[in-house]
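K.L.:
The amino acid sequence is not available; the structure is as follows:
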């Protein structure tokens, strides 16, 4: 979706939502808000947190949910490496940068602003607090922007509901002392409603939490995708957002790629399926909630084994390339991505057929091998292949148990607790021989391609000099 399409769809949703809330807004004001939202959402680093994502998260049934979703990712400092200039108009008066961290201004630096105070209370923040990028920083600032941008047109009760929905998109939080995230949000709504003399009834506050739960669950619904190939495709869209080197097709290094995989594998290995989805007073129903959790647990198991295999494979490639330097490009070792260079020769072109390939021992292994061999679903970013030829070759020769062992050794290599030669020496020698031989053949193919130009130059040099075009001399006359 290009920025023009995103702007028109965003404007359409704003018109619909404000109409449902009976808010009086001039068309030029809605156009300004649509532009405010779309500019950062179509930034150069956005591959997952895009306009399509916020439209999906908002659904199409509830105006509060739609508005909250439109704003919920408008600030994403880790991805954008900054805050959009137009967005910073709302952020700068109440925050500052201290030691490369964002911080809410001290009370003495803040003007009286009930709406801002209300947003702080929704998130449980206080003046002077240092914001944590992984514990609500982006969501808090996004809720602040939403509140200030919509403040001229909506009631304070509606702004509180929108801020609460955005707060709920802080992901992967466990219950604390038996109190769930959703219950804690409900308790805060009660306190804020009383403190600011708002008119929300208890039923409306409970319904607000349900809206927040729906927003939160739609935000992470890809974890419950019935197709692991699509789940992994969404995961791959996240990689270039926080690993910007991966957007430079053909230039990112073996190490760049490995670092991105290692971060994702570490995150998914740590993530517990119980903290992905939310439930509050039967929303969603128990059957749906359990189905999502079960599917998410399976997808995480798929992802961990899949990423572990890719880490073991890239570790072998990194160890073999270490003698060439630390900044060897992945394209140099593997070949160009076909979409970028039609007819290019790639490393797997030289892989032999595997005799007596490993047979998967269960459904999990079968699915992972299929994903490695045939590929994930198509990702937004075209900086990587959907399939994994090198990992597939190694799995077919050594099996998954050995890949798990080599993944553990790979992590020791990455920590520099293991030398490259030691890592290679304890890798299956058949695999190593095939990979080294294929790399040499890939390099030889490049040598042949360059040698053609050497022959052409030799032919040109053998011709009479008069056949060469002569550049006209410059004259001052």
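P.N.:
Ah, there it is. Just so it is clear, the structure is predicted and the values come from calculations on it, not from any experiment.

K.L.:
Tell me the helix or strand right after the longest helix along the chain.
P.N.:
As assigned by DSSP state H, the longest helix anywhere in the chain is helix 286-321. Helices and strands here follow DSSP states H and E; after helix 286-321, the next one along the chain is helix 330-334.

K.L.:
Output the contacting helices and strands for the helix or strand following that next one.
P.N.:
As assigned by DSSP H and E, the chain's next helix or strand after helix 330-334 is helix 363-374. Packing partners of helix 363-374 (3 or more Cβ pairs under 8 Å, 6 or more residues apart in numbering; DSSP states H and E): helix 228-242, helix 286-321, helix 389-398. Placement of C-beta: from N, CA and C, glycine included.

K.L.:
rerun that using 10 Å as the cut-off
P.N.:
When contacts are defined as 3 or more Cβ pairs under 10 Å, 6 or more residues apart in numbering; DSSP states H and E, helix 363-374 packs onto helix 228-242, helix 286-321, helix 389-398, helix 400-414.

K.L.:
Tell me which of these sits most buried.
P.N.:
helix 389-398 (a mean of 22; mean count of other Cβ atoms under 10 Å).

K.L.:
That helix vs helix 286-321, what angle?
P.N.:
90 degrees (axes from the mean of the first three to the mean of the last three Cα atoms, to 10 degrees).

K.L.:
which helices and strands sit right next to helix 389-398?
P.N.:
When contacts are defined as 3+ Cβ pairs under 10 Å, 6+ apart, helix 389-398 sits against helix 286-321, helix 330-334, helix 363-374, helix 400-414, helix 429-462.

K.L.:
Now render these as JSON lines, adding distance to residue 84 and mean pLDDT.
P.N.:
Shown next, in JSON lines, are these (distance: least, Cβ to Cβ, whole Å; pLDDT from 0 to 100):
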{"stretch": "helix 286-321", "distance to residue 84": "31", "mean pLDDT": "97"}
{"stretch": "helix 330-334", "distance to residue 84": "31", "mean pLDDT": "88"}
{"stretch": "helix 363-374", "distance to residue 84": "36", "mean pLDDT": "96"}
{"stretch": "helix 400-414", "distance to residue 84": "35", "mean pLDDT": "97"}
{"stretch": "helix 429-462", "distance to residue 84": "43", "mean pLDDT": "85"}
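
K.L.:
want to try JSON lines for these, with distance to residue 81 as columns?
P.N.:
Below are the helices and strands packed on helix 389-398 laid out as JSON lines (distance: least, Cβ to Cβ, whole Å):
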{"stretch": "helix 286-321", "distance to residue 81": "25"}
{"stretch": "helix 330-334", "distance to residue 81": "23"}
{"stretch": "helix 363-374", "distance to residue 81": "31"}
{"stretch": "helix 400-414", "distance to residue 81": "25"}
{"stretch": "helix 429-462", "distance to residue 81": "35"}
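
K.L.:
what's the nearest residue to residue 162 if we skip its chain neighbours?
P.N.:
Sequence neighbours aside, residue 68 is the residue nearest to residue 162 in space, at 4.7 Å (criterion: Cβ to Cβ, 6 or more residues apart in numbering).

K.L.:
distance between the helix or strand harbouring that neighbour and the chain's centre?
P.N.:
Per DSSP H and E, residue 68 falls inside helix 63-71. Using Cα atoms, centre = their mean, to the nearest Å, the mean C-alpha position of helix 63-71 is found 21 Å from that of the whole chain.

K.L.:
now swap in stretch 25-32 and tell me
P.N.:
32 Å.

K.L.:
Do I have it right that residue 213 meets residue 220?
P.N.:
No - the criterion here is Cβ atoms under 10 Å, and residue 213 misses it with residue 220 at 11.6 Å.

K.L.:
Which one's more surrounded, the two?
P.N.:
Legend: neighbour count by other Cβ atoms under 10 Å for residue 213 and residue 220, higher for residue 213 (22 against 19).

K.L.:
hey, which helix or strand in this protein has the poorest pLDDT?
P.N.:
Using mean pLDDT, DSSP states H and E, helix 429-462 stands out as the lowest-scoring helix or strand of the chain, at a mean of 85.

K.L.:
Return the distance of the most centrally placed residue in the chain relative to residue 220.
P.N.:
Taking Cα atoms, centre = their mean, the centroid of the chain lies closest to residue 238, which sits 1.6 Å from it. Taking Cβ to Cβ, to the nearest Å as the measure, residue 238 falls 12 Å from residue 220.
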